[in-house]
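Asker: What follows is a predicted structure for the sequence shown.
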Amino acid sequence: MKLYGVIGAGGFGREVMPLAAHWLTIWNGIEHDSELVFVVEDQFFTSQKDVNGHRLISMTDFLSASVSERRYNIAIGNSAVRERVANSIPTDVAKPFSIVAPNHVSLHGNVIGDGAIFCGFSHVTSNAKIGRFFHGNIYSYVAHDCIIGDFVTFAPGVMCNGHVVIEDHAYIGTGVVIKDGTDKPIVIGRGSVIGMGAVVTKSVPPGATVIGNPARLMGG
């Protein structure tokens, strides 16, 4: 018996579960002796038995189940929680798997870290490097020669053009456009937040929040 867990049964988890089921069944040829379940941390576990037709289990039960193989993904929007959960799961107990929509497009020369989620109509062009547990929501794209860190989140419709560096834990809001950094790479600093609809034309400091067109520091 092989057990695949989507950690997080909130809104995003419920959105990506059908993608996980499709990916495992159609592309990875999931065996008949495998099960795909929702997993929640013990403090959030309730008596609810299933969510949208998939069994709901606690993290303790997921990690202690008697199975031949155990794989997981983390469908939790908060990147700090994603990192904490990922670091709490021993690699000899469970390993991450990626969730990829059937209409996602990834071209040549890309390097994608463990545990990525690529939602419908997302796109990675060529020679991009993306770190661990990346979330690429619907209609978002990463263009050529970008470097994306770990636990980065793209909300729907993010347009990240070429030669952009996005450091760990950055959050890129819905509809953001990041200018191509051909002449000088644009760097989005660690833990920064790019507000919905912003147009980023220059680098953003670590931990900063920017908004507007062109993007500027909030309150600046």
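Answerer: Yep, it's here.
Asker: Select the longest helix from the chain.
Answerer: helix 11-22 (DSSP state H).
Asker: What's the mean pLDDT across that one?
Answerer: For helix 11-22, the mean per-residue pLDDT is 95.
Asker: Just the buried positions in the next helix or strand along the chain from it, please.
Answerer: Sequence order places strand 34-40 as the next helix or strand after helix 11-22, per DSSP states H and E. Using 16 or more other CB atoms under 10 Å as the test for burial, strand 34-40 gives Ser34, Leu36, Val37, Phe38, Val39, Val40. For every residue, glycine as well, the C-beta is placed using N, CA and C.
Asker: Run through this structure and note the low-pLDDT ranges.
Answerer: 26-32, 220 (pLDDT under 70).
Asker: give me phi/psi at the most centrally placed residue in it?
Answerer: In the chain, the C-alpha nearest the mean C-alpha coordinate belongs to His135, at 2.0 Å (CA atoms, centre = their mean). Main-chain dihedrals, His135, degrees, to the nearest 10: phi -110, psi 120.
Asker: And the residue lying closest to it once chain neighbours are set aside, how close does it get to Ser58?
Answerer: Using CB to CB, 6 or more residues apart in numbering and skipping the chain neighbours, the partner closest in space to His135 is Thr153 (4.6 Å). Per CB to CB, to the nearest Å, Thr153 is found 25 Å from Ser58.
Asker: ok so, going back, run the angle between the longest helix of the chain and strand 34-40 for me.
Answerer: 170 degrees (axes from the mean of the first three to the mean of the last three CA atoms, to 10 degrees).
Asker: quick one: contacts of helix 11-22?
Answerer: 4, 6-7, 36, 38, 51-52, 54, 73, 75-77, 99-102, 117, 119-120, 135 (CB atoms under 8 Å, 6 or more residues apart in numbering).
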